[in-house]
Structure formats: structure tokens, C-alpha cells
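# next input, structure requested:
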Amino acid sequence: MDKSFISRRSFCILSGLSGVAGVVLIMVSFIINSGPPPGTTTAELIKFGQQNYAKVLWGAWLQAVGPVLIVLFAFALVHLAGATQRLAGWMTFFGATILMAVSLIEITFYISALSPDPALMPSISLKLISAVQHLYFMVAAPSLFLPLGIVLVGSPILPRLFGYLALILAAAFAALGAIFLLDLTLPVAVTAFAGVQALWWLAAAITLMVRGGEIPNSRGGKEGTVTQAV
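Predicted structure coming up:
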């Protein structure tokens, strides 16, 4: 078997596994760290933090590492598409940076919410988490999905449906961010919509692994060894 085919397929499989692992870690983080119920008092928040200390910290760790793996998968898609020197590719890198920054800021407040001193720290941290969640809809998700969608629409590495769906997700997140801008705390139904993007990443990662060795290049035929340019 052609060594370039093996290298290309190995790269696609490893990249896809990164995307799958990232989604799984984020899903597990939300399962083990569901957060306190709405309307919880300051005293109840402190007690919740004490009772769920380890769960919150492990959930924060998983939610920090998961996006890193997803971003790695996104970068691999840009690389496979040959878009690393195109504006859409650069903007995908920029969007991923924004997404990671917003995610890490939110996770920082998860950890600070565990501090019982001062007593208002848990309540303040939850308010800040709600504020940061606005940024995810307003700029973080759209700034990643929009350029990545453009890259995928113009590349054969995945079915072009993924590119169009990415563009739809970018528009949907941006629209929700604008519509609910005046709500200091986003409705549960809106924040739950963020889970839709996890399905996109998961489906895209699995698809890349399945068809990785059969990716044609933009000039026809099979693409060369991708690992040579990594």
C-alpha cells in the first residue's frame, strides 16, 4: 500500500479522534458538573460548592481540555483543505483563539465560585459566568464556524453539507446573541442550543476518519502526504 496513503489516513484518523475526544470530554464535564439549581441563595451556593468541590474542579478540567482537542481538529481541517495561507484559514485560527479565550475565562469563574471567602464570591462568579456566556453566542462560536464553513464549502475533505451547516450554525449563534443581548442571563433553551455544535464536531470528526484515505486534492486525484507539511 502507498506510504503516502497510510500517512494521510493516519493523520485523518488521529485528527478525527482528537475531535471525538474533545466532544466526549465536554459532554462528560457537563454530566458531572451540572451546576447549582436556579434561585440558589448565597449560603446554598457555598454549601453546594463544598459538597461538589471535586466534581466542579474535574468538570472545569474536562471543559478546559475538551475545546483544545476540538480546536486541534479544526486546525487539521484547515490544513487538509490547503487553506493555511488563505484568509478563511487565518480567520479560522483567529476564531479558535477567541473561542478558547472565552471558554477559559468561563472556566476560571467556575473555579472562583468554589471560594467561600468573601461570601459573595460564589454569587458574583455565577453572574460573571452568565456574562461570559453572552460572548460565546455573540462572537466566539460565529467567529470560528463562519470561516471554517467557508473553508469546507470550498474543499472536498468533507461533504460540503458540513460547510453549509457550519455557516448556518454561525448565523444561528450570532442571531441568538443579538436577540438575547438585553437578557443578563441567557434562557436555558438558548444555552442548551450550544449543544448542537457538539453534534457537528462529532459528526465531522467521524466522517473524516471514515473517508480520510479517500480525500482528493483540489487538482484532482488523491491528496499527497499531509504529514510532510505539519
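# burial of Ser34, as a residue count?
For Ser34, the neighbour count with other Cβ atoms under 10 Å is 11. (C-beta placed from N, C-alpha, C; glycine too.)
# buried sites along the helix or strand containing Leu69?
Here Leu69 sits within helix 53-80, counting by DSSP states H and E. For helix 53-80, the buried set under the neighbour-count rule, 16 or more other Cβ atoms under 10 Å, comprises 56, 59-64, 66-80.
# avg pLDDT for that helix?
Helix 53-80 shows a mean pLDDT of 95.
# mind giving me the packing neighbours of that helix?
Under the contact criterion of 3 or more Cβ pairs under 8 Å, 6 or more residues apart in numbering; DSSP states H and E, helix 53-80 touches helix 3-32, helix 87-112, helix 141-153, helix 195-211.
# and these, which is most packed in?
helix 141-153 (a mean of 25; mean count of other Cβ atoms under 10 Å).
# what does whichever helix or strand comes after that helix contact?
Counting by DSSP H and E, the element after helix 141-153 in chain order, helix or strand, is helix 160-179. Contacts to helix 160-179, defined as Cβ atoms under 8 Å, 6 or more residues apart in numbering, come from residues 134, 136-139, 141-142, 144-146, 148-155, 190, 193, 196-197, 200, 203-204, 207.
# shouldn't Leu45 be in contact with Leu120?
No: using Cβ atoms under 8 Å, Leu45 is not in contact with Leu120, being 9.6 Å away.
# who's more crowded, the two?
Set side by side, Leu45 and Leu120 show more neighbours around Leu45, with 21 against 11, by other Cβ under 10 Å.
# residues touching the residue nearest to Val139 when sequence neighbours are not counted, list them.
Of all residues not flanking Val139 in the chain, Ile98 sits nearest, at 6.1 Å (Cβ to Cβ, 6 or more residues apart in numbering). By Cβ under 8 Å, 6+ apart, the residues touching Ile98 are Val139, Ala140, Ser143, Leu144.
# can you check Ile70 too?
Ser18, Gly19, Gly22, Val23, Ile26, Trp201.
# please repeat the previous calculation with a cut-off of 10 Å.
Counting by Cβ atoms under 10 Å, 6 or more residues apart in numbering, Ile70 makes contact with 18-23, 25-26, 96, 99-100, 103, 144, 197-198, 201-202, 204-205.
# over to Ser18?
Val68, Leu69, Ile70, Val71, Leu72, Phe73, Ala74, Phe75, Ala76, Ala205.
# my guess is the fifth one contacts Phe11. True?
Spelled out, it's Leu72. No: with contacts counted by Cβ atoms under 10 Å, Leu72 stays clear of Phe11, the gap being 11.9 Å.
# if we can go back for a sec, from Ile124, how far out is the residue nearest to Val139?
24 Å (Cβ to Cβ, to the nearest Å).
# how about the residue nearest in space to the middle of the chain: what's its closest non-neighbour residue?
What sits nearest the mean C-alpha location of the chain, by Cα atoms, centre = their mean, is Pro67, with 4.8 Å. Spatial nearest neighbour of Pro67, excluding adjacent residues (Cβ to Cβ, 6+ apart): Ser103 at 4.9 Å.
# my guess is the one you found meets Val68, correct?
Yes: Ser103 lies in contact with Val68 (Cβ under 10 Å); the separation is 9.1 Å.
# okay, now the unreliable bits of this protein?
Counting by pLDDT under 70, the low-confidence segments of the chain come to 1-6, 213-230.
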